[in-house]
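Asker: Dropping the sequence and predicted coords here.
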Amino acid sequence: MSRPVALMCFALASLSAAGAEAPTVRVDAIRAHVEFLSDDLLEGRAAGSPGYDLAARYVASQMRALGLEPAGDGGGWLQAVALIEARRDLAAATLSVRGPGAAEDRLVPVEDFIPGFHFGFTDSAVTAPATYVGYGIHAPEVGHDDFVGIDLRDRIAVVLEGAPAGFPDSQRAHYSGRAKTDELVARGAIGIVTVDTPQEEARVPWERKKKLSWNPRMRRLDAAGVPVDAYPEIKASASVSLAAAPRLFAGAAQNAAEAFAAAGDGRFNSFELPVELSLSVRNSLARAASVNVIGLLRGSDPALAGEYVVLTAHLDHLGRGTAFDGDDIYNGALDNAAGISILLETARALADSPARPRRSILFIALTAEERGLLGSYHFAEHPTVPREALVANINTDMPEALFPVAGMILLGAPHTTLADPARKALAAEGLVEVPDPTPEEVSFVRSDQYPFIRAGIPAIVVRPGAMSSDPAVDARAVQRQFRLNDYHMPSDTTALPIHWPSLAKQAQVTARLARLVADADARPAWLPGDFFGKTFGSARRADGG
């Protein structure tokens, strides 16, 4: 063991400035977990695959070895999640534009558009007039309504990706996701065509989307075997590239560039398009089964042990797909074998502590995050403990520790009282809080904390920020290159220059934070007037929490 690693493990025996006992996290254990979980043997850990099942058994065995109690279905380690998977036939998809008296303009699959999924039929199609609805957002709290004077009934909605640049971060995060589809469905749309903007092209180039167009999607199945959140009202959907977007606006009151400019300025400019769109999609459907893995560290306080702090990380990745440089296994070392390693070492540090936390702590390795946060939604809606007893979620996803990390991002800090203990945990480890450098990526709603937020439960994500203790490292450039070249690609392996002591440092922060939340007299709460608290707090109040 090197001297810096030895110091990290053994020089933390004193009490921290945060008032909680200093955790001792093993760098070698972090690395060992990542190396096994991202090995080719597990074939990328796709939800519902044998490789994922092997990973789940590994995590359960580790939890047992740590002395946790099983907290899944029927007193076991696993919580079953019934799924249906759709794999699209890209070549069979069609999207054509027909204007009055004009010839049919047929877009090319993958090059010009990528079809969406349908979970009710293997083949589905829609032909209807089209209406451009800007960003497709109704946000009265910020005075934004893209639907003024627009009737979407029995029409195909043409909508821009994302949200206006001037939106507050919370609203941008919320309205860029499923809230947009909910609104379009509620207003009667029967098809959705999402158009990339110049901002979206800069954020995620179309060439990258083409590379991942093979990737399937899943939905949960309810007790009757019906897909959940599948939007059967939408007969077909697609995404269109920035380059092909002008073809949808042929003959319209504004061309694509004018529409983008107006939307970027926050102006409402929805209008009917003088075209009819025909869209068809074909995908195969197959039922699948997967599991969450759940371990419990029982609290020590008789008055608080019946309340639960929930620590989560997703166990799945993409599995096997399109090969690049001869490699078709998407190993997911940082995304998210590293997160699971942090979860397990956090559990070990807390379980080995001489004094148990006052509240109980649940450690959950979640399935199907990459397919739509499905394991998290399942647990949030069907917890294996009383729902009203869930007091907070601390999630770990894709810690980009590719250099000596000096600062951490606290996603969610502006929203709840979790910010104070999180900052204390950072300070105790000699780290500083750094801002999210890419709020436009709306990360706060794109990982497993979001189902907890929608259930009204305060949540936070701790992840490495773009700050290195090595002045020779351009941390932002390193993370940007990872996102561009390795994220969701076969190259996300342990061959990357992972800084293992920084992953261990993050586990120490997570353990401190969990301990502070578990030992506090009061539950975490949404801050007064917070957007997410106001939007989803009623779900919490309905549970009595």
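Answerer: Ah, there it is.

Asker: Now do the domain split for the protein, please.
Answerer: 11-76+298-542, 86-285 (automatic domain parsing).

Asker: Need the winner for burial among those.
Answerer: Highest mean neighbour count among the domains of the chain (mean count of other Cβ atoms under 10 Å): domain 11-76+298-542, with a mean of 21. Every C-beta, even on glycine, is put in place using the N, C-alpha and C of the backbone.

Asker: Need the domains of the chain in a markdown table (columns: mean pLDDT).
Answerer: Converted to a markdown table, these look like this (pLDDT from 0 to 100):
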| stretch | mean pLDDT |
| --- | --- |
| domain 11-76+298-542 | 93 |
| domain 86-285 | 94 |
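
Asker: For those domains, could you give me TSV that also reports distance to N292?
Answerer: Formatted as TSV, those follow (distance: least, Cβ to Cβ, whole Å):
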stretch	distance to N292
domain 11-76+298-542	5
domain 86-285	12
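
Asker: Tell me which of the ones you listed approaches V291 most closely.
Answerer: Closest approach to V291 among the domains of the chain (Cβ to Cβ): domain 11-76+298-542, 5.4 Å.

Asker: neighbouring strands for whichever strand in the chain runs longest, and are they parallel or not?
Answerer: Determined from DSSP state E, the single longest strand within the chain is strand 271-297. Take DSSP bridges as the rule and strand 271-297 pairs in its sheet with strand 69-70 (antiparallel), strand 78-88 (antiparallel), strand 94-98 (antiparallel), strand 123-132 (antiparallel), strand 360-366 (antiparallel).

Asker: After the last one, which helix or strand is next? Please name it.
Answerer: To tie it back to what came earlier, the one meant is strand 360-366. On the C-terminal side of strand 360-366, the closest following helix or strand by DSSP states H and E is helix 374-381.

Asker: Send me that following helix as CSV with only the CA atoms.
Answerer: Below are the C-alpha coordinates for helix 374-381, written out as CSV (Å, rounded to 0.1, in the frame of the first residue of the first chain):
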residue,chain,number,x,y,z
LEU,A,374,-37.2,1.8,-13.6
GLY,A,375,-35.8,0.1,-10.5
SER,A,376,-35.9,3.4,-8.6
TYR,A,377,-39.5,4.1,-9.7
HIS,A,378,-40.5,0.6,-8.6
PHE,A,379,-39.0,1.0,-5.2
ALA,A,380,-40.3,4.5,-4.7
GLU,A,381,-43.8,3.4,-5.5
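
Asker: Centroid-nearest residue for the protein?
Answerer: Taking Cα atoms, centre = their mean, the centroid of the chain lies closest to S447, which sits 2.0 Å from it.

Asker: what about F482, which SS state?
Answerer: Taken by DSSP: H, G, I helix; E, B strand; the rest coil, the conformation at F482 corresponds to helix.

Asker: Check whether it really touches F403, as I assumed.
Answerer: No: between F482 and F403 there is no contact under Cβ atoms under 8 Å: 10.5 Å.

Asker: Could you dump the strands paired with strand 271-297 into TSV with distance to P216 added?
Answerer: Formatted as TSV, those follow (distance: least, Cβ to Cβ, whole Å):
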stretch	distance to P216
strand 69-70	30
strand 78-88	4
strand 94-98	20
strand 123-132	16
strand 360-366	18
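
Asker: closest one to G251 among these?
Answerer: strand 94-98 (10.1 Å).

Asker: got a list of contacts for that closest one?
Answerer: The contact list for strand 94-98, computed with Cβ atoms under 8 Å, 6 or more residues apart in numbering, reads 104-107, 109, 112-113, 115, 193, 238, 240, 247-248, 250, 275-280.

Asker: The longest strand of the chain vs helix 374-381, what angle?
Answerer: Computed by axes from the mean of the first three to the mean of the last three Cα atoms, to 10 degrees, the angle separating strand 271-297 from helix 374-381 equals 70 degrees.

Asker: Name the next helix or strand following strand 271-297 along the chain.
Answerer: Next along the chain after strand 271-297, taking DSSP H and E as the criterion, comes strand 308-314.

Asker: residues making contact with the next helix or strand after that next one?
Answerer: As assigned by DSSP H and E, the chain's next helix or strand after strand 308-314 is strand 319-324. Under the contact criterion Cβ under 8 Å, 6+ apart, strand 319-324 has outside partners 43-46, 49, 51-52, 211-212, 214-215, 328-330, 489-491.

Asker: What about the residues you listed, which are in helices?
Answerer: Residues of the contacts of strand 319-324 located in helices (DSSP state H): G51, Y52, K211.

Asker: and the first one, what does it touch?
Answerer: Applying Cβ under 8 Å, 6+ apart, we find G51 in contact with L41, L42, E43, G44, R45, G319.

Asker: Just give me the closest of those residues to T131.
Answerer: G319 (37.4 Å).

Asker: With E370 as the reference, measure out to the closest one.
Answerer: 9 Å (Cβ to Cβ, to the nearest Å).

Asker: give me every residue that touches A55.
Answerer: L37, L42, R45, L315.

Asker: how about 10 Å then?
Answerer: Residues near A55 by Cβ atoms under 10 Å, 6 or more residues apart in numbering: 36-39, 41-45, 49, 293, 315-317, 337, 340, 365, 367.

Asker: Give me the nearest residue to it, chain neighbours excluded.
Answerer: Nearest non-adjacent residue to A55, counting by Cβ to Cβ, 6 or more residues apart in numbering: R45, 4.9 Å away.

Asker: in terms of contact, does D39 touch A32 like I think?
Answerer: No: between D39 and A32 there is no contact under Cβ atoms under 10 Å: 11.0 Å.

Asker: Now do the helices in the stretch 351-500 of the chain.
Answerer: Secondary structure of the stretch 351-500 of the chain (DSSP state H, counting those that start in this stretch): helices located at 374-381, 419-428, 449-454, 475-485, 500-519.

Asker: As TSV, the ones you listed with distance to D28 would be great.
Answerer: Formatted as TSV, the helices of the stretch 351-500 of the chain follow (distance: least, Cβ to Cβ, whole Å):
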stretch	distance to D28
helix 374-381	28
helix 419-428	23
helix 449-454	29
helix 475-485	24
helix 500-519	8
